[in-house]
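# Task: produce atomic coordinates for the following.
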Amino acid sequence: MQRYNPKDIEPKWQAVWDETGVYTADLQSSKPKYIAMSMFNYPSGAGIHIGHAMNYTISDVKARFKRQQGYESYHPVGWDAFGLPAENYAIKAGVSPQESMATIIPSYHKQYKAMGWSNDWEKEIATHLPEYYKWTQWIFTQMFKHGLAYQDSRMQWWCAIDNTVLANEQVIDGKCWRHDGPDDRWSRKRKSSSGSSRLPNMPTSCWRRPTSWIGPKPSRQPRRTGSARASVQRLTSSWRNHPSG
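Residues are numbered from 1 along each chain as shown. This next block holds a predicted model:
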């Protein structure tokens, strides 16, 4: 039997996949839809690592399985320029996230495709582009207008090396999990938060899992007029009536 050589065989079929668009999902088709969503990568210039291989292989397996079951299976791919590794890389390089992402994303393309994942590259998403973040900004302003977001001052863990707040789970023996920096401390930090601990009609599993994992924490509720349900209804109405929607 001839020895399997991935460098000879896999690029051939990966090129066929690209040419035929076999993994391009038609989201307007009559088939039932399945979205195999996994987290967007935080490109840092170092390339993918074993954690990426695990995460995206899991979603890839599910996407392929559902496709074989007759679903219109969509396996999204994208890049999060606002993740801490991506931000730190841009700061270290002395450039904006837009510049750093444009430089390093092409190498991630090659690595993703070499892995053989069934991503839909026609719908690639990048959070550093105005076409994407204009909508996150719009959504937040709508939440703020309808009382679903507020600004408050809380005590939080602060890493002076990464210049970011930390979750309790990211603090080990009073220090940041990424390094043994001496300046990690409790600090008052302004933050924007959801104005409601549980929105109306939210599936039980969505709020029960984090509550079971982290545990409930007391919080001071913001002042706002009207109920959360009414706020959500107003927000939904604004979304439906948006001229670009």
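
# where do the helices sit along the chain?
For the chain, the helices defined by DSSP state H occupy 6-20, 50-68, 84-93, 97-115, 130-145, 204-214, 228-240.

# Show me what the first one is packed up against.
Yep, that's helix 6-20 we're talking about. Contact analysis of helix 6-20 by 3 or more Cβ pairs under 8 Å, 6 or more residues apart in numbering; DSSP states H and E lists helix 97-115 as its packing neighbours. Backbone N, C-alpha and C define where each C-beta goes, glycine included.

# wait, what's in contact with the residue lying closest to W79 once chain neighbours are set aside?
Closest residue in space to W79, ignoring its immediate chain neighbours: A126 at 4.8 Å, by Cβ to Cβ, 6 or more residues apart in numbering. For A126, the contact set (Cβ atoms under 8 Å, 6 or more residues apart in numbering) comprises G78, W79, A81, M101, I105, Y132.

# Quick one: closest of the helices of the chain to Y34.
Proximity to Y34 (Cβ to Cβ) singles out helix 50-68 among the helices of the chain, at 4.0 Å.

# which other residues reach that closest one?
The contact list for helix 50-68, computed with Cβ under 8 Å, 6+ apart, reads 34, 36-39, 41, 73-75, 112, 115-119.

# what sits against the nearest residue to F82 once chain neighbours are set aside?
With Cβ to Cβ, 6+ apart as the criterion, F82 has its nearest non-adjacent residue at 5.8 Å, and that residue is T127. Going by Cβ under 8 Å, 6+ apart, T127 touches F40, G78, W79, D80, A81, F82, Y133, T136.

# Quick one: low-confidence residue ranges for the chain.
180-245 (pLDDT under 70).

# mind redoing it with 50?
Scanning the chain for pLDDT under 50 picks out 183-184, 187-198, 218-229, 231-232, 234-245.

# how deep is D26 tucked in, by neighbour count?
Using other Cβ atoms under 10 Å, D26 has 12 neighbouring residues.

# That one contacts S73, doesn't it?
No: in this structure D26 lies outside contact range of S73 using Cβ atoms under 8 Å: 10.6 Å.

# Tell me the buried residues within the contacts of helix 50-68.
Y34, A36, S38, N41, S73, Y74, H75, Y112, M115, W117, S118, N119 (16 or more other Cβ atoms under 10 Å).

# In stretch 156-163, which residues are buried?
W157, W158, C159, D162.

# Tell me what the third one is bridged to.
Beta-bridge pairing of C159, defined through DSSP bridges, involves T164.

# wait, doesn't it sit right on A167?
No: assessed by Cβ under 8 Å, C159 is found out of contact with A167, at 11.1 Å.
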